[in-house]
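Engineer: got a predicted model here, sequence first, then my questions.
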Amino acid sequence: MSKKAKGNRVQVILECTEHKESGMPGTSRYITTKNRKNTTGRLELKKYNSVLNKMTIHKEIK
């Protein structure tokens, strides 16, 4: 069961950029929230990719 978003807080999906380019099967995705008012652009964070075994840049999709 998912929670309803309150106010400006929205749920976003982060996907690994290096994993997509490598051509390996599967994806590395994280779900997080952001404040739409403070962060108007797309979110970009360094997160751990378990398939590549290293920290990579994950960008917001959709």
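Structural biologist: Great, that's in hand.
Engineer: quick one, what contacts the residue nearest the centre of the chain?
Structural biologist: By C-alpha atoms, centre = their mean, the chain has its centre lying nearest to Leu14, at 1.1 Å. Listed by C-beta atoms under 8 Å, 6 or more residues apart in numbering, the contact partners of Leu14 are Arg29, Tyr30, Ile31, Thr32, Leu43, Leu45, Lys47, His58, Lys59, Glu60, Ile61. To be clear about C-beta, it is placed using only N, CA and C from the backbone, and glycine gets the same treatment.
Engineer: could you do Arg36 as well?
Structural biologist: Shown in contact with Arg36 (C-beta under 8 Å, 6+ apart): Asn8, Arg9, Val10.
Engineer: looking at the residues you listed, which are in strands?
Structural biologist: Arg9, Val10 (DSSP state E).
Engineer: any chance of CSV for the contacts of Arg36, columns neighbour count?
Structural biologist: Shown next, in CSV, are these (neighbours: other C-beta atoms under 10 Å):
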residue, neighbour count
Asn8, 11
Arg9, 12
Val10, 11
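Engineer: Glu18: which element?
Structural biologist: Using DSSP states H and E, Glu18 falls within helix 17-22.
Engineer: what's the weakest-modelled helix or strand in the chain?
Structural biologist: helix 17-22 (a mean of 84; mean pLDDT, DSSP states H and E).
Engineer: so, low pLDDT: which residues of the protein?
Structural biologist: 1-6 (pLDDT under 70).
Engineer: if you set the cut-off to 90 instead, what comes out?
Structural biologist: Confidence mapping of the chain against pLDDT under 90 gives the ranges 1-8, 19-27, 51, 62.
Engineer: tell me where it has strands.
Structural biologist: With DSSP E as the criterion, the chain has strands spanning 9-16, 29-35, 44-49, 54-61.
Engineer: can you put those in TSV and add distance to Gly23?
Structural biologist: As requested, the strands of the chain are exported to TSV (distance: least, C-beta to C-beta, whole Å):
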stretch	distance to Gly23
strand 9-16	13
strand 29-35	17
strand 44-49	14
strand 54-61	15
